[in-house]
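*Asks:* Next input, structure requested:
(2 chains)
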Protein chains: 2
Amino acid sequence: MNAVTHVSPGLWRRPGDRAADYTDRDYWTDVARTAERGGFDAVFFADVRGIYDVFDGAREPAIRRAVQTPSNDPRFLIPAMAEATDDLGFAVTRSTTYNQPYELAREFSTLDHLTDGRVAFNIVTSYLDSAARNLGVGQRLDHDDRYDRADEFMDVCYALWEESWDDDAVVRDPDTDTYTNPEGVHTIDHDGEWFTVEGPHGCEPSPQRTPFLYQAGASDRGREFAAGNAEAVFCSYPTRAGVRDYVEDMRERAESHGRDPDAVGFYPGMVTIVGETEELAEAKYDHYRDIIDVEAVLALLSGFMDMDLSALDPDQRVEHIETEAMQGAVNAFTKADPDRDWTVAEMARFAGLGSTSPVVVGTPEQVADELEAWYRELPIAGFNVKEVARPDSIEDFVSFVVPELRERGLLDASEGDTLRERVTDGGPRLPNDHPARR
Amino acid sequence: MNAVTHVSPGLWRRPGDRAADYTDRDYWTDVARTAERGGFDAVFFADVRGIYDVFDGAREPAIRRAVQTPSNDPRFLIPAMAEATDDLGFAVTRSTTYNQPYELAREFSTLDHLTDGRVAFNIVTSYLDSAARNLGVGQRLDHDDRYDRADEFMDVCYALWEESWDDDAVVRDPDTDTYTNPEGVHTIDHDGEWFTVEGPHGCEPSPQRTPFLYQAGASDRGREFAAGNAEAVFCSYPTRAGVRDYVEDMRERAESHGRDPDAVGFYPGMVTIVGETEELAEAKYDHYRDIIDVEAVLALLSGFMDMDLSALDPDQRVEHIETEAMQGAVNAFTKADPDRDWTVAEMARFAGLGSTSPVVVGTPEQVADELEAWYRELPIAGFNVKEVARPDSIEDFVSFVVPELRERGLLDASEGDTLRERVTDGGPRLPNDHPARR
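*Replies:* From the prediction side, this is the model:
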C-alpha cells in the first residue's frame, strides 16, 4: 500500500524502517529498481477508501497506530516507477463501487500507454462503510449489489477498451487530413442498471487495450467474479491443501465461464523471512513478531471482517472465546497450526505478519526449498511475495532468495514487451476465450 | 493537453511534428526538462471530458481531425515529469462537475507529497454535454448550477486539506506507539446540497496542503469564482487594453472577497513564433497558418461556444455572417484586428494559432520586446506561454527567447521549495487572507 502499513502494523517502529517514507517518490523508485533486479513480473498495490473504525466503534486506534491511515493514492506511483525501470509491471487496485467506468477506462488506457503496456488492474468492490460516508453513496452497498455493479462496470470497461476503437482506426495520415478514421470509432451505447455510458472511448488503443487483470475472490460471489474476469488470481491460505482446494474450485469455475483454465494463473501469498543463517532468520522473525502491534492488528481484522474484536483479551486463549462468530474469525488464522495453544495476542502477531498466508523463515536455501515444493506440488504460476518490513522484505528476497531460485532454474527472465506477454503464453491482448472478447 | 491537439488542429500534419507522440512517456519527460531549463514555473495541462460534437451535430469531424480526441488523462504525466526534474511545477486541470471532492483531495495530496509540493490544481467546471452522457450525470448541469457545485466542492476540499489534520498531528513516536495523534485529526462533517463528506481526510498534510490554485474565469460567475479561489489567474485577450480591463475587474473582485489583490497573479496567454531572423519567424508563422485545419477549428469553437458553426462558409467575409450569435462568436477573435477584412477561414486560422491570445512573431529581440512591454505596462505576474507546434513552441521559446529575457534581468531564478513559494511572495501554505484559511 501507498501507506505506512498494509497488514503489519507496528513494524514502522523498527529502527531504520522506511515505512514512513511512503510519501517520497525516491522510496518507490528504489522499490521499483529492486523488484526489477529481482525479476519480479510486477509490484502490486492494495488500496482502501475510508478509515478502519469497526474496532471499538472508533477510528482513533487505527489513526494512532497508522492502520492503513494515512494512505495516499497508489496510482500516481506508477509513472514514476515506470520511469525508473524498463520491464517491471504495476498492478493497482481500483474499486468498481466508488468509480465511474468511463473515467476508470481512461485512467488505465493512459497508464497503459505511458508504461508501454506494463499496467494491471486489481479489481475490488470495497468493504469499508466509512468510505461510503465520504463518497456520497450514503451507505455501503451490500455484498451482492457490489458484485452486480462490478459485473456491469466491467462490461462497460470491456466495451470501451476492446470494442470502441478498431485496430486500424488510427491512421495518422496527413495527406487525407485524417488522424483517426471515424468509421473505426464506435459508441458503446450502454444503458444498464448502474451505468449509462454512450461512448466512444476517448483514448486510442493502448498496447494491452484491457489492462492485465488481477483479482482475489474469496466468497462464492467473489470467486465467480474472479473466474469470469481475472487473468491472474491471488489467494491466501496457510496450507498447500487450502491453496489446492481453491485452485481446483477456481479452475472449474473458469471452465464454466467458457475459459481455458490453464490461461488463469494462480499466485498464493507467501511471506518470506530470510537470513544468512537459520539463527539470523529466526532472530529477524522474533524481532518482527515482537514489534507487531497487537491492538492494531485487531483493529485491522475488525475492519476486514466487519466485526468488532475489541472485547477480546490479548492474553486469553482463543479456545476460550465465547461468541461463535469471533471463534470463526480467529480460526481463519489459527488453522495454520491447529495443534498449537494460541492466545489472542499470538494469533494477532501471526495474522500481522502473514495474514492467512504462510510465513517461511530460514536460510536462502530453506526458503527456496519451500517455494520450490509449493511450486512443484501445486497448479500455481508463481507467488505473491508479501511485504512485511520496509525495505527488508523485498531487499532480503532479492538479495538472498532470488539468486538461489535463479541457480535452480526456477526464475527465468520473462519475455515480451507487455506485462500480459511476460506473465502469460499469449500476446499483448486479452485471449480470445476471455468473456470480454466473446 | 495530453492529446494530439489542444487548440491548433492540423499542426500534427507538419513533417517532424511530435504531437502524435503524446502517448509516450519520453515525449513528456523531454518537455519537462526543456521547461525546467527555460526557467518556467510550471507546465500547465488542460483537460476535457467527452468529444466535440456540436459542429454539424456530429462527432466525426472532431475524431477525424484529432480535435482534443483522442486524449489521455494528464494527471499521470506528473510523477514521470517530476522524476525528470527538480523544481518544475505541474498544473493539472480537474473538473468539479464530474468528480467527488474526497477523491480529488486525495489525488492532489498524493501528488503534492510525491512532487515535494510542486503541484497545482486548475479548477474547471466542464462544458461539454457529451461528457455528461458518459459519466452517468444524464445531462450537463447548467452554468450556474456548475458553479454552485464548484463552490461547495472547494469548501469540502479546503476542509480536508486545511482543517482535518493539525500541523502537529503526525508525531511518528515509536515509544508511545503513536504514528498520528488522533486528537489532531478531525472529521469535517460536511452535509451540503451536493456532497455529504464525513472525513477525516485520509492523507497526512503535504508540503503545500492545498495545491497551488489556478483558475481562468471569463463569465461573471466564473470571475467571481476565480476571485474567491485562484492564486494565479489565466486570461486570454488579444490586446493589452483587454487584459488591463480584466485584471482591474478581477482585483476589485478579489478585494471584495477579503483578499489582498496583490496576492493574485495574472498571466495573460501569449503565443510566440520566433526565428533567428524576422524572415524565418514570418515563414514559420505562414507555415503554421497554412497547415491549420480550418474545419477542425470551427468544430473546436463550436464546442467551446456550444453553437454549431458548420453553416459558415470558410470563404465568406465575417461581416456578412447573418445570425447575431455567430457574429458575436467570431468577433471574439476578429476584434484583435477590427480594421482587417476577415474571412471565416482567416478567423479560424487566427483562432487556431492564438485562440483569443496575441500571436507575437519575430526575432528573439522582437518577441522579448513585446513581452517586456506587456509586462512593464500591465499589472501582470508573467505569461502563459501557449503551445502551438510540438515541440517547436517550447523549444524555440527556451532556446531563443529565454536567453534574451535572462540578459534583460526579466527572468530571475525562482526561489523556494514548493511551487507556491516559487510563484508568490509567501510560504508553502495558502496565505491567511485566502477564503479557505478564514
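
*Asks:* What is the longest strand of chain A by residue count?
*Replies:* Looking across chain A with DSSP state E, the single longest strand is strand A:265-274.

*Asks:* so how far is chain B from A:Thr5?
*Replies:* Between A:Thr5 and chain B the computed distance is 8 Å (Cβ to the nearest Cβ, to the nearest Å). To be clear about C-beta, it is placed using only N, CA and C from the backbone, and glycine gets the same treatment.

*Asks:* same question, A:Met250
*Replies:* Counting by Cβ to the nearest Cβ, the gap from A:Met250 to chain B is 32 Å.

*Asks:* who touches that residue in this structure?
*Replies:* A:217, A:223, A:226-227, A:233, A:261, A:264, A:266 (Cβ atoms under 8 Å, 6 or more residues apart in numbering or on different chains).

*Asks:* Secondary structure element for it, which one?
*Replies:* Remark: A:Met250 resides in helix A:240-256, with elements defined by DSSP states H and E.

*Asks:* Show me which residues of the worst-scoring helix or strand of chain A on mean pLDDT are buried.
*Replies:* None of the helices or strands of chain A scores lower by mean pLDDT, DSSP states H and E than helix A:129-132, at a mean of 76. Of the residues in helix A:129-132, A:130-132 count as buried by neighbour count, 16 or more other Cβ atoms under 10 Å in any protein chain shown.

*Asks:* tell me which of those residues is nearest to A:Asn181?
*Replies:* Closest approach to A:Asn181 among the buried residues of helix A:129-132 (Cβ to Cβ): A:Ala131, at 42.1 Å.

*Asks:* what's the distance between the closest residue in space to A:Thr97 that isn't next to it in sequence and B:Val4?
*Replies:* The shortest distance from A:Thr97 to any residue other than its chain neighbours is 4.3 Å, reached at A:Ser126 (Cβ to Cβ, 6 or more residues apart in numbering or on different chains). When distance is defined by Cβ to Cβ, to the nearest Å, A:Ser126 is 35 Å away from B:Val4.

*Asks:* okay, these two: which has more neighbours?
*Replies:* Neighbour totals were compared for A:Ser126 and B:Val4, and B:Val4 leads with 27 against 24 (other Cβ atoms under 10 Å in any protein chain shown).

*Asks:* Would you confirm that the more buried one contacts B:Ala66?
*Replies:* Yes - between B:Val4 and B:Ala66 there is a contact under Cβ atoms under 8 Å: 4.0 Å.

*Asks:* okay, and the common contacts of those two?
*Replies:* The contact lists of B:Val4 and B:Ala66 share A:179, B:12, B:19, where a contact means Cβ under 8 Å, 6+ apart.

*Asks:* Which pLDDT value belongs to the last one?
*Replies:* Meaning B:Ala19. pLDDT, B:Ala19: 96.

*Asks:* since we're on the nearest residue to it once chain neighbours are set aside, how many residues are nearby?
*Replies:* The shortest distance from B:Ala19 to any non-neighbouring residue, by Cβ to Cβ, 6+ apart, is to B:Trp12 (3.8 Å). Residues near B:Trp12, counting by other Cβ under 10 Å, number 23.

*Asks:* how far does stretch A:5-21 stretch from start to finish?
*Replies:* When the termini of stretch A:5-21 are compared using Cα to Cα, to the nearest Å, they are 11 Å apart.

*Asks:* same check, this time on stretch A:288-299
*Replies:* Terminal-residue distance, stretch A:288-299 (Cα to Cα): 18 Å.

*Asks:* Kindly reformat the buried residues of helix A:129-132 as a markdown table containing distance to chain B.
*Replies:* A markdown table is the format used below for the buried residues of helix A:129-132 (distance: Cβ to the nearest Cβ, whole Å):
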| residue | distance to chain B |
| --- | --- |
| A:Ser130 | 7 |
| A:Ala131 | 9 |
| A:Ala132 | 10 |
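
*Asks:* Spit out the contact partners of the residue nearest to A:Thr97.
*Replies:* Residues near A:Ser126 by Cβ under 8 Å, 6+ apart: A:48-49, A:95, A:97-98, A:140, A:146.

*Asks:* these two touch, right, A:Thr29 and A:Met81?
*Replies:* Yes - if you go by Cβ under 8 Å, A:Thr29 and A:Met81 touch, sitting 6.0 Å apart.

*Asks:* quick one, which of the two is more surrounded?
*Replies:* Taking other Cβ under 10 Å, A:Thr29 and A:Met81 do not tie; A:Met81 has more neighbours (27 against 19).

*Asks:* In the helix or strand following the least confident helix or strand of chain A, which residues are buried?
*Replies:* Counting by DSSP H and E, the next helix or strand C-terminal to helix A:129-132 is helix A:143-158. By neighbour count on 16+ other Cβ under 10 Å, the buried set for helix A:143-158 is A:146-158.

*Asks:* anything in helix A:143-158 near chain B?
*Replies:* No - applying Cβ under 8 Å from any Cβ of the partner chain, one finds helix A:143-158 separated from chain B by no less than 9.7 Å.

*Asks:* For that helix, which outside residues touch it?
*Replies:* Contacts to helix A:143-158, defined as Cβ under 8 Å, 6+ apart, come from residues A:96-97, A:99, A:101-102, A:104-105, A:108, A:123, A:125-126, A:141, A:188, A:190, A:192-195, A:197, A:210, A:219, A:221-222, A:224-225, A:228-229, A:435-436.
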